[in-house]
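Colleague: what's the 3D shape of this:
(2 chains)
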Amino acid sequence: MSATRNQLLARTLELVINRALRYDPGSRAALAKLDQKVLGVICEAPKLQCYFVVEGETLRVQQFCEPPIACQLRGKALDFAALAGRDVQTLANTDISVEGNPGVLAMWLDMIKALEVDWEEALGDAIGSLPAHWVATGVRSNTQWLKNRSEKLPGYLTSLVTEELQLTPNPLEAEHLYHAINQTRSDTARLEARINQLKQRHLSTP
Amino acid sequence: MNNNDMTDFGFQKVKTSEKAEKVAGVFHSVAAKYDLMNDLMSGGVHRLWKRATIEMSAARAGQQILDIAGGTGDLTEAFSRIVGPEGHVVLADINGSMLNVGRDKLLNHGIAQNVTFAQADAQTLPFADNRFDCITIAFGLRNVTDKALALRSMLRVLKPGGRLLILEFSKPVSQTLSQLYDKYSFHILPKMGQWVAGDAQSYRYLAESIRMHPDQNTLKTLMEEAGFTQCSYTNMTGGIVALHKGFKP
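Modeller: Numbering: from 1, shown residues only, chains lettered A, B, ... in the order given. Presented below is the predicted three-dimensional model:
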């Protein structure tokens, strides 16, 4: 089943990427530089291979591709997923191996980093310009709020920790306090014993 | 009657000389609804199988491509775009009705410049030796009376180093899938043919002809015996379909 499944994945990926590129003229133009520079991605677990082939201003994602392949990446799905969350400059210290021309890989990475999809326009095509504008404004303000919060959060945490530290007694002060408490406890015990003794003496006196 | 003069037509045995006519009858009947039925029968998956064929063809701009049994022109349309104005695609089919549907469809899609149409028998291809860089035959070989003769004919018209791709129904690799597939082919498919195309018999023939077609390894051997080298196949959808590839030495 895998050949058909992989073909479906490749086709879906191709549709999504090309749809996104429609809303990013800059990246579409940058694609032209990658003409004839095929990038292969070979995933070993699960078994899946994709070749990214530029054709004019569109991208084809193929399951089968004949050489020459300018650059080929090989690794496991988890390695590629880990890569996706990072600002990648180099593949050193990763479990992904590179075959072919690393310059081509750098060009592909530059193109991906420069992606700036006008998703508001895409949304507008789907649901109309005005609703898309409202949704976009809402998302932008929420995103801005989250961004502000996430920027201020480290500062808030630092202040909190500093204040808590200032209120917390240092070990010498704490030691002195514990000593004073112990002293009070033993003084109280002695006083209690003394009172009991005096009570006994008073009761035994005729 | 000499048993050597008989061949399979689905599960029936017919005279070799009659098979082409009977197959033609089937395709005359289904031509008008062929694309719709393909989508319904395969749930659209036939597009993925054909896409894999195009990828594996490694077709390039300027190449000469022959699409045998090209029917309604799905592969030809894709090849036409790939080979560009410098290249050329020949859409060949033995069946005039299918060819007409294919030609009309391609013209409606604006494809005419680099495509020619030929009503031709795969067993005796009317083309010069060493003409094509790539030959494809998708869901057509099982209808050919003498498969070995057709393969030799394809070898002749291929350029040395050229490749043949055969996309064809084959044998599912899993027993469970095979049983499900049998139930689908013999019970659901003819009913679907009746409802949509008004022809259950042709779709019963389709199921039967698939069962009578050589399995993956037998077809690979046939290709090697015809003279192809580096023959290999890729199973698709659990072996329901196999894509065979071979090169002319």
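Colleague: would you mark the buried spots in stretch A:14-25?
Modeller: A:Glu14, A:Ile17, A:Ala20, A:Leu21, A:Arg22, A:Tyr23, A:Asp24 (16 or more other CB atoms under 10 Å in any protein chain shown). In this view, the C-beta of every residue, glycine as well, is placed from N, C-alpha and C.
Colleague: okay if I get those as JSON lines plus secondary structure, pLDDT and distance to chain B?
Modeller: JSON lines is the format used below for those (DSSP: H, G, I helix; E, B strand; the rest coil; pLDDT from 0 to 100; distance: CB to the nearest CB, whole Å):
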{"residue": "A:Glu14", "secondary structure": "helix", "pLDDT": "90", "distance to chain B": "10"}
{"residue": "A:Ile17", "secondary structure": "helix", "pLDDT": "87", "distance to chain B": "16"}
{"residue": "A:Ala20", "secondary structure": "helix", "pLDDT": "83", "distance to chain B": "21"}
{"residue": "A:Leu21", "secondary structure": "helix", "pLDDT": "83", "distance to chain B": "18"}
{"residue": "A:Arg22", "secondary structure": "helix", "pLDDT": "82", "distance to chain B": "19"}
{"residue": "A:Tyr23", "secondary structure": "coil", "pLDDT": "83", "distance to chain B": "24"}
{"residue": "A:Asp24", "secondary structure": "coil", "pLDDT": "81", "distance to chain B": "24"}
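Colleague: could you single out the nearest of the residues you listed to A:Tyr178?
Modeller: A:Ala20 (65.4 Å; CB to CB).
Colleague: and stretch A:46-55, which residues are buried?
Modeller: Buried, per 16+ other CB under 10 Å, within stretch A:46-55: A:Leu48, A:Gln49, A:Cys50, A:Tyr51, A:Phe52, A:Val53, A:Val54.
Colleague: one more: stretch B:44-51?
Modeller: B:Val45, B:His46, B:Arg47, B:Leu48, B:Trp49, B:Lys50, B:Arg51.
Colleague: pLDDT on it, on average?
Modeller: Averaged across stretch B:44-51, the pLDDT comes to 89.
Colleague: for chain A, what lies in contact range of chain B?
Modeller: A:Met1, A:Ala3, A:Thr4, A:Gln7, A:Leu8, A:Arg11, A:Gln62, A:Gln63, A:Phe64, A:Cys65, A:Glu66 (CB under 8 Å from any CB of the partner chain).
Colleague: can you give me the strands in chain A?
Modeller: Assigned strands in chain A, in chain order: A:39-44, A:47-55, A:58-62, A:71-75, A:97-100 (criterion: DSSP state E).
Colleague: let me have those strands in JSON lines, adding mean pLDDT as columns.
Modeller: Output for these, formatted as JSON lines (pLDDT from 0 to 100):
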{"stretch": "strand A:39-44", "mean pLDDT": "89"}
{"stretch": "strand A:47-55", "mean pLDDT": "87"}
{"stretch": "strand A:58-62", "mean pLDDT": "87"}
{"stretch": "strand A:71-75", "mean pLDDT": "89"}
{"stretch": "strand A:97-100", "mean pLDDT": "86"}
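Colleague: between those strands, which gets nearest to B:Gln175?
Modeller: Among those, strand A:47-55 sits nearest to B:Gln175 (CB to CB), with 22.8 Å.
Colleague: who does that closest one touch, helix- and strand-wise?
Modeller: helix A:2-22, strand A:39-44, strand A:58-62 (3 or more CB pairs under 8 Å, 6 or more residues apart in numbering or on different chains; DSSP states H and E).
Colleague: who does that strand pair up with?
Modeller: Partners of strand A:47-55 in the sheet, by DSSP bridges, are strand A:39-44 (antiparallel), strand A:58-62 (antiparallel).
Colleague: how about those strands in TSV, adding distance to A:Ala30 and mean neighbour count?
Modeller: Below are the strands paired with strand A:47-55 laid out as TSV (distance: least, CB to CB, whole Å; neighbours: other CB atoms under 10 Å in any protein chain shown):
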stretch	distance to A:Ala30	mean neighbour count
strand A:39-44	14	18
strand A:58-62	11	19
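Colleague: circling back to that earlier point, widest-spaced pair of the buried residues of stretch A:46-55?
Modeller: Longest span within these, CB to CB: A:Leu48 and A:Val54, 20.5 Å.
Colleague: just the helices in chain A please.
Modeller: A:2-22, A:25-31, A:77-84, A:102-113, A:119-127, A:129-167, A:171-204 (DSSP state H).
Colleague: tilt between the fifth one and helix A:129-167?
Modeller: Helix A:119-127 runs at 130 degrees relative to helix A:129-167, counting by axes from the mean of the first three to the mean of the last three CA atoms, to 10 degrees.
Colleague: run a quick neighbour tally on A:Ala70.
Modeller: Neighbourhood size, A:Ala70 [other CB atoms under 10 Å in any protein chain shown]: 18.
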